[in-house]
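Peer 1: Mind looking at a prediction? Sequence and model below.
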Amino acid sequence: MNGAATFTTVRANGLDFEVLTAGEGDNLALCLHGFPEHALSWRAQIPALVDLGYRVWAPNQRGYGNTLPRPKNVVDYEMQHLIDDVAALIDASGARRVTLIAHDWGGAVAWMYALRPPRPIERLVIMNVPHPAILRARLRDSSAQKLRSWYFLFFQLPVLPELLLGAGHARAIGRVFTQTATNKARFTTDILEVYRDQASRPGVLTAMLNWYRAAPRGMRAQLKLGVPVIDVPTMMVWGEADAALGKETTYGTDAYVSNLRINYLPGISHWVQQDAPDEVNALLQSFLSEPAVQEA
């Protein structure tokens, strides 16, 4: 990773966010990680984004890393709080232009943010998480997707998921990557230790799992507000060998996004930006180099 990338603390929405930062200027790329990841999941994209002229912020989201305090209640992880975190980070950055880049749970937050953006964004990049309205429909009508999403129900249980995931210095967290990634060499011992060390800290696994526990009520509340068409230029990047989310959950996204590009990467896992960094970076360069429709 670019040696210029450093961790700093940013106060936003009542929390001290640990943010991996690089680059400078008024054009911000805000990168949101997923579960059970960390800001370092963007390690391969940060130098590429800086080369494109962005100031990059990759925060450890609420509950993760050294972002403190770590809220203890499930309700503190409902979607509106996560959206407010993004808006507050944008405010704290002082940036005049913002591109939101997100994966997995970060992508769920980014989709919801883009439905009713509290602050303007110029572009949206989503990796391996479907539009929430489509995921809701697939969970209703697809037995295959229901089976793939079994873990979501398991994570609703108290205590047991923490015990199983945390055993042996969070051995299962490392296996989440090594057992499902396509290019396992991309997940070095050093990066797996970051993920395992994080999950082994007191209270972190509960915070991470509370994203799932808060989701049913929080997501329902957001969708009840309506599902307006997203009109910012949007790119989806999708690793087709995703063990948790079927490719079919991307079909029909163009009904919810007016300016959409979808790029499928055959044989690449859910951990797409880590599994296929060169391919993802090339797609980012192509998409982000295009003139922005919204620019005057």
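Peer 2: Received it, and whenever you're ready, just let me know what you need. The structure presented is a predicted model; accordingly, all values stated were derived computationally and were not measured.

Peer 1: Could you find the closest non-adjacent residue to residue 79?
Peer 2: The shortest distance from residue 79 to any non-neighbouring residue, by CB to CB, 6 or more residues apart in numbering, is to residue 218 (3.8 Å). C-beta here means a position set from N, CA and C on the backbone, and glycine is covered the same way.

Peer 1: pLDDT below threshold where in the stretch 1-150 of the chain?
Peer 2: The model of the stretch 1-150 of the chain has pLDDT under 70 over residues 1-3.

Peer 1: List the contacts of the residue nearest to residue 79.
Peer 2: Neighbour list for residue 218: 77, 78, 79, 80 [criterion: CB atoms under 8 Å, 6 or more residues apart in numbering].

Peer 1: Buried ones among those residues?
Peer 2: For those, a burial check counting by 16 or more other CB atoms under 10 Å picks out 77, 78, 79.

Peer 1: quick one, helices of this protein?
Peer 2: For the chain, helices defined by DSSP state H occupy the ranges 45-51, 79-93, 105-115, 132-141, 143-148, 150-154, 160-178, 189-200, 204-224, 272-275, 277-289.

Peer 1: before we move on, back to that, turn the contacts of residue 218 into CSV, columns for distance to residue 180.
Peer 2: Shown next, in CSV, are those (distance: CB to CB, whole Å):
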residue, distance to residue 180
77, 24
78, 28
79, 26
80, 31
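
Peer 1: hang on, the earlier thing: report pLDDT for the residue nearest to residue 79.
Peer 2: Note on residue 218: pLDDT of 94.

Peer 1: and it, how far is that from residue 70?
Peer 2: To residue 70, residue 218 is 18 Å away according to CB to CB, to the nearest Å.

Peer 1: Residue 15 pairs with what?
Peer 2: Beta-bridge pairing for residue 15 (DSSP bridges): residue 12.

Peer 1: Who are the contact partners of it?
Peer 2: 62, 67, 68, 69, 85.

Peer 1: looking at it, the first one is touching residue 73, isn't it?
Peer 2: No - counting by CB atoms under 8 Å, residue 62 sits too far from residue 73 to count as a contact (11.7 Å).

Peer 1: who has more neighbours, these two?
Peer 2: Counted by other CB atoms under 10 Å, residue 62 and residue 73 do not tie: residue 62 has more neighbours, with 25 against 9.

Peer 1: Can you give me the neighbour number for residue 216?
Peer 2: Residue 216: 12 neighbours (other CB under 10 Å).

Peer 1: roughly how far apart are it and residue 164?
Peer 2: 21 Å.

Peer 1: so what's the residue nearest to the spatial centre of the chain up against?
Peer 2: Centroid-nearest residue in the chain: residue 106, 2.2 Å away (criterion: CA atoms, centre = their mean). Shown in contact with residue 106 (CB under 8 Å, 6+ apart): 31, 32, 33, 34, 61.

Peer 1: Report how many residues lie close to residue 53.
Peer 2: Around residue 53 there are 13 residues (other CB under 10 Å).

Peer 1: Surely it touches residue 26?
Peer 2: No - if you go by CB under 8 Å, residue 53 and residue 26 don't touch, sitting 10.1 Å apart.

Peer 1: and of the contacts of residue 218, the nearest to residue 227?
Peer 2: Minimum distance to residue 227 across these is 13.6 Å, recorded for residue 79 (CB to CB).

Peer 1: I'd like the distance between the closest one and residue 86.
Peer 2: Counting by CB to CB, the gap from residue 79 to residue 86 is 11 Å.

Peer 1: Give me the common contacts of the two.
Peer 2: residue 109.

Peer 1: quick check: longest strand of the protein.
Peer 2: Ranked by number of residues, the top strand in the chain under DSSP state E is strand 260-269.

Peer 1: tell me the angle that strand makes with helix 277-289.
Peer 2: 170 degrees (axes from the mean of the first three to the mean of the last three CA atoms, to 10 degrees).

Peer 1: just use 52 as the starting number from now, easier for me
Peer 2: From this message on, residue numbering opens at 52, which makes the last subject strand 311-320.

Peer 1: Just checking: what are the partner strands of strand 311-320?
Peer 2: Strand 311-320 is paired, per DSSP bridges, with strand 285-292 (parallel).
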